[in-house]
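Peer 1: Got a sequence here, can you model it:
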Amino acid sequence: MLDDSKIGLKTVIWPGTVIRERSQIGSYCIFHNNVSIGADGFGYRPSEDGRGLIKIIHIGNVVIGNAVEIGANSCVDRAKFDSTIIGDGCKIDNLVQIGHNCILGRCCIMAGHSGLAGSVTLGDGVIIGGSASIKDHTTIHAGAVIAAGSGVMGDVAAGKTMLGYPATESRDKLREWAAVRKLGKN
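Peer 2: Residues are numbered from 1 along each chain as shown. Down below sits the predicted model:
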């Protein structure tokens, strides 16, 4: 744990976990082996001469609520200026990436190999299936479900289930796949 970080009561931190400066961790959390909290966000801009990239400094932090569990080898990046926020009761599987400036509501679930690009917002109770990818600056509203392996390219309304790449409403995607299957049989 680095300077100016705070950790609540009865939080369990397994070996290899790194908690960077200014992070705020709630009580009753579990961080499994090799979790990274507060690494720099992924931000670059072209150099003035056009010959390379210049790193954008991220001076924000990470705020994690109470009763959050984060699986092994998962990363939660610090915000550029403000906070990356993980709400109370969120459960995050192994090998998950949460980009800078993301905000997760209460009790969200993210399965293994899923990832949020920068500035994604998840409402309360959102479920993200394994290996799903969410585009930057996207909002997934409360209770929505993103099926495993899906790629979300835009906002998702509350309670919707999305499927496929690019993700569309699951009923529409299943009808589409059925139609394509019928074409192949003719």
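Peer 1: could you pull out the helices for this protein?
Peer 2: 170-185 (DSSP state H).
Peer 1: got any ranges where it has weak pLDDT?
Peer 2: 1, 186 (pLDDT under 70).
Peer 1: Can you verify my assumption that Met162 contacts Val145?
Peer 2: Yes. Counting by CB atoms under 8 Å, Met162 does reach Val145; the two are 7.1 Å apart. Where C-beta positions appear, they are placed from N, C-alpha and C, glycine not excepted.
Peer 1: which one of these two has more residues nearby?
Peer 2: Between Met162 and Val145, counted using other CB atoms under 10 Å, Met162 has the larger neighbour count: 25 against 20.
Peer 1: Which strand residues bridge that one?
Peer 2: Ile146, Glu169 (DSSP bridges).
Peer 1: which ones are touching it?
Peer 2: Contacts for Met162 were tallied using CB atoms under 8 Å, 6 or more residues apart in numbering; they are Ala144, Val145, Ile146, Ala147, Ser150, Val152, Val156, Thr168, Glu169, Ser170.
Peer 1: Among the residues you listed, which one has the most neighbours?
Peer 2: Neighbour max across the contacts of Met162 (other CB under 10 Å) = Ile146, 27 neighbours.
Peer 1: Just confirm that one contacts Ser133, I think it does.
Peer 2: No. Between Ile146 and Ser133 there is no contact under CB under 8 Å: 9.1 Å.
Peer 1: Common neighbours of the two, please.
Peer 2: Val152.
Peer 1: now Ala167, nearest residue through space, not along the chain?
Peer 2: Ser150 (4.2 Å; CB to CB, 6 or more residues apart in numbering).
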